[in-house]
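*Asks:* what's the 3D shape of this:
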Amino acid sequence: MKEGRIISINISSKKGTKKQPVNGPWEVIKECGLKDDAHCGPWHRQVSLLALESIEQMKKCGLKVCPGDFGENLTISGINLVSLPIGTKIYVGKEVLLQVSQIGKECHTRCAIYYQAGDCIMPREGIFAEVIKGGIVQVGDKIQIRKT
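*Replies:* Numbering: from 1, shown residues only. Down below sits the predicted model:
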């Protein structure tokens, strides 16, 4: 079993923009995504995840970036996200169950994140998931990848 932790929970009101960290517990809605997030809806990219380790690499390149700056909903630490195959189940906290639906993404145009941060690592190192079971998540919650 692989295990990590939530470092930051982030939402935005518009797609293609930086997300802002939210305080306290946050609702993840089944078959939708994070409450009040622009990506919440019935499609395959309901929740985006990015490793803090990826953000730290960008900082080493001289960028001044923080969790949420690359448009990810959940900034996590301790799991190599891009190594997870599509279909992998991700258990978040005590209630939430996600299923990996996409690894990386194709960017046809440079988004606002690229212009604000100077690069966007989501296409290379971010993953996307659908919400199988909703519930409440908070910073510090465990993230587990279990072999089924």
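
*Asks:* worst-scoring helix or strand of the chain, pLDDT-wise?
*Replies:* helix 112-117 (a mean of 60; mean pLDDT, DSSP states H and E).

*Asks:* for the top helix by length along the chain, packing partners?
*Replies:* Assignment by DSSP state H gives helix 52-60 as the longest helix of the chain. The criterion is 3 or more C-beta pairs under 8 Å, 6 or more residues apart in numbering; DSSP states H and E, and the helices and strands that helix 52-60 contacts are strand 74-77. In short, each C-beta sits where N, CA and C put it, glycine included.

*Asks:* paired strands for the strand it packs on, with orientation please.
*Replies:* If you go by DSSP bridges, strand 74-77 pairs up with strand 2-11 (antiparallel), strand 47-51 (parallel).

*Asks:* can you list the low-confidence ranges for the protein?
*Replies:* Scanning the chain with the threshold set as pLDDT under 70 gives 105-120, 123, 147-148.

*Asks:* nearest the middle, which residue of it would you pick?
*Replies:* In the chain, the centroid-proximal residue (C-alpha atoms, centre = their mean) is residue 49; its distance is 1.9 Å.

*Asks:* what's across from that one in the sheet?
*Replies:* Beta-bridge partners, per DSSP bridges, of residue 49: residue 74, residue 127.

*Asks:* how far away is it from residue 86?
*Replies:* Using C-beta to C-beta, to the nearest Å, we find residue 49 at a distance of 13 Å from residue 86.

*Asks:* now swap in residue 42 and tell me
*Replies:* 18 Å.

*Asks:* so between those two, which is more surrounded?
*Replies:* Neighbour count, other C-beta atoms under 10 Å: between residue 42 and residue 86, residue 86 has more, with 13 against 9.

*Asks:* for that one, pull up the helix or strand it's in.
*Replies:* For residue 86, there is no host helix or strand (DSSP states H and E).
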